[in-house]
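Q: Need the 3D shape of this:
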Amino acid sequence: MCFALVCGPVLAEGDLPPLPKGPLLLTSCTEEMLTPEFWIRHLQDPDNVILTPNAIQEFNQRIYRWTHEAVDVFKIPKLFPGDGIRRQLELEFQTLRNRILYDRRGQRVPAAYFDETLKPIIPWEEIPKHIEVRWGVAVQSTSVRALPTDMLMIEAPEDVEFDQLQFTLIKLWTPVAVYAASSDGQWLYVHAPYARGWVKAADIAFFPKRELLRQAARPDKDFLVVTGKSVAVYSDPVMQTVELRPVMGTVIPLASTAIKQQLREGTPGKSSFVVRMPYRKADGTVYLEKAYIDTKSDVSYGYLAYTQRHVIQQAFKLLGVRYGWGGMYNGWDCSGFTHDVFLTFGFAMPRNSKPQAYVGTQIDHFEAFHDLDRKDAAIRAAVPAITLLRMSKHMMLYLGEIDGHFYAIHSTWAERISMTSDEKRRINQVVVSDLGLNGNSYVGSLFDRILDMNEINLKE
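A: Okay, here's the model as predicted:
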């Protein structure tokens, strides 16, 4: 995961320290650098299609082969070996039980809470030799947790924004394979395309695999992709009642394709897209209803064309949004930011920073504070908008070089500003900065600490 996770089950955004007022002009940035047009003007051919949809599907197959962090859940077998799940459930429980963690009041989480409240509902001892997997779909955005509880657990009393149980969010319509349920029936242990952990049972509707494959958005289906920060989904055709606000990267199947030709012609004759929404019945199974999205919303019919222009435009739509560890508090962490930007093009990216750095074309790998000349040469040859820069626990999207400075857009929580202490300047949002950020501190600049550069492209 990144340096610093958007569920918000424990604290409201108003309970958090206020977001520093933007726009933030960090390091050598100017106001015009805070616009996507500035960076697009510096590109030679911003509208060149880097990978076709078919090539992106090939790219995704390579991701599935190279990393266990991203999976095609539909290829998980119906009978799944139970030993690995049993070990994982016990490991996650014991690891967190043995850590010193605090609750939202700053009190130490006692071992009794783990032993008397959580252990009785985590059924690792009851996992069979072969699990009969069930499939489901998220009926709304929902948190993936290390343990079946909403309780905030943090490393220090002041770290209210960094819940150690929070893995990530999965989005509306995300398919999941279900391995187990908590003994109280309130939580499910699931495998989503880019995360595995506990989710609230109320947020998952069971869906027969064959029917889910037919209904869920796939490359050969008609669907919308949320390309804005979020969009409104209405329950009524006159679009008065907002039901949900799915965020960037959410893929929603269309219920009607009559508008398809009009969209291609750029003259939609209706005011709304008719989409399918999943709901959970009382017995946990799914039912589908129509819902409506305004045709003026920031959505795309199918995935966006993969061009530098589109990548930069997508990234800058999140400029200034709150940093959110694992998606907490309606925000994005560093690798969640890059994940969701590339999701709008159809990439099955891993969720966390380290596996993200090993997909695509590897430019080079470095030691922190070493290989500076080689690093300088590598970044000068890097392709803006499609190159990722990874530090330990942090991921950035490269924007380009201006007057000898290298720039990136990234979601970060703070800038360290002291050579002798851990004093920080709060940032807590998606920003543009040059790679000299943190250079006036003992931890060293972003550039000094880059470990990997990789291009989201297929090259031999």
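Q: just the strands in the stretch 1-150 of the chain please.
A: Using DSSP state E, counting those that start in this stretch, the strands found in the stretch 1-150 of the chain span residues 79-81, 130-132, 134-138, 142-145.
Q: Which strands and helices lie in contact with the third one?
A: Which is strand 134-138. strand 175-181, strand 187-192, strand 204-206, helix 209-215 (3 or more C-beta pairs under 8 Å, 6 or more residues apart in numbering; DSSP states H and E). Glycine gets a C-beta too; all of them are placed from N, C-alpha and C.
Q: hmm, 10 Å instead?
A: With contacts defined as 3 or more C-beta pairs under 10 Å, 6 or more residues apart in numbering; DSSP states H and E, strand 134-138 has these neighbours: strand 166-170, strand 175-181, strand 187-192, strand 195-200, strand 204-206, helix 209-215, strand 272-280, strand 286-294.
Q: Over to the last one?
A: With contacts defined as 3+ C-beta pairs under 10 Å, 6+ apart, the secondary structure elements packing on strand 142-145 are strand 166-170, strand 187-192, strand 195-200.
Q: Report the inter-axis angle for the first one versus strand 134-138.
A: Regarding strand 166-170 and strand 134-138, their directions subtend 80 degrees when assessed with axes from the mean of the first three to the mean of the last three C-alpha atoms, to 10 degrees.
Q: For residue 234, which of the helices and strands packed on strand 142-145 is the nearest?
A: Residue 234 lies closest, by C-beta to C-beta, to one member of these: strand 166-170, at 22.1 Å.
Q: Straight-line length of stretch 30-48, end to end?
A: End-to-end span of stretch 30-48 (C-alpha to C-alpha, to the nearest Å): 27 Å.
Q: Show me how far it is from its chain's centre.
A: Centroid separation for stretch 30-48 versus its chain: 24 Å, with C-alpha atoms, centre = their mean, to the nearest Å.
Q: Identify the residues contacting that stretch?
A: 22-26, 305-317, 319-320, 383-385, 399-402, 407, 409, 431-434 (C-beta atoms under 10 Å, 6 or more residues apart in numbering).
Q: Pull out the buried residues from it.
A: Judged by neighbour count using 16 or more other C-beta atoms under 10 Å, the buried positions of stretch 30-48 are 33, 34, 36, 38, 39, 40, 43, 46.
Q: low-confidence ranges in the stretch 351-460 of the chain?
A: Within the stretch 351-460 of the chain, the segments meeting pLDDT under 70 span 460.
Q: Run through the strands of it in chain order.
A: Taking DSSP E, counting those that start in this stretch as the test, the strands found in the stretch 351-460 of the chain are 361-365, 387-391, 394-402, 405-416, 424-434, 452-455.
Q: which one of these lies closest to residue 280?
A: Using C-beta to C-beta, those put strand 405-416 closest to residue 280, at 31.5 Å.
Q: Please determine how far residue 435 is located from residue 400.
A: The gap separating residue 435 from residue 400 is 11 Å, by C-beta to C-beta, to the nearest Å.
Q: higher neighbour count, those two?
A: A direct count of neighbours by other C-beta atoms under 10 Å for residue 435 and residue 400 places residue 435 higher, at 24 against 21.
Q: got the contact list for residue 180?
A: Applying C-beta under 10 Å, 6+ apart, the residues near residue 180 are 82, 85-86, 89, 122-124, 126-128, 131, 148, 187-190, 198.
Q: give me that answer again for 6 Å
A: Counting by C-beta atoms under 6 Å, 6 or more residues apart in numbering, residue 180 touches residue 189.
Q: And it, how far from residue 367?
A: Taking C-beta to C-beta as the measure, residue 180 falls 41 Å from residue 367.
Q: same check, this time on residue 384
A: Residue 384 is 25 Å from residue 367, by C-beta to C-beta.
Q: So which of the two has more stuff around it?
A: residue 384 (22 against 11).
Q: which residues pair with the closest residue to the more buried one other than its chain neighbours across the strands?
A: Distance criterion C-beta to C-beta, 6 or more residues apart in numbering; nearest residue to residue 384, sequence neighbours excluded, is residue 400 at 4.0 Å. Residue 400 has these beta-bridge partners by DSSP bridges: residue 407.
Q: What are the boundaries of the helices in the stretch 201-350 of the chain?
A: Counting by DSSP state H, counting those that start in this stretch, the stretch 201-350 of the chain has helices at residues 209-215, 260-265, 308-316, 334-343.
Q: Those: which one's closest to residue 251?
A: Residue 251 lies closest to helix 334-343 among the helices of the stretch 201-350 of the chain, at 8.1 Å (C-beta to C-beta).
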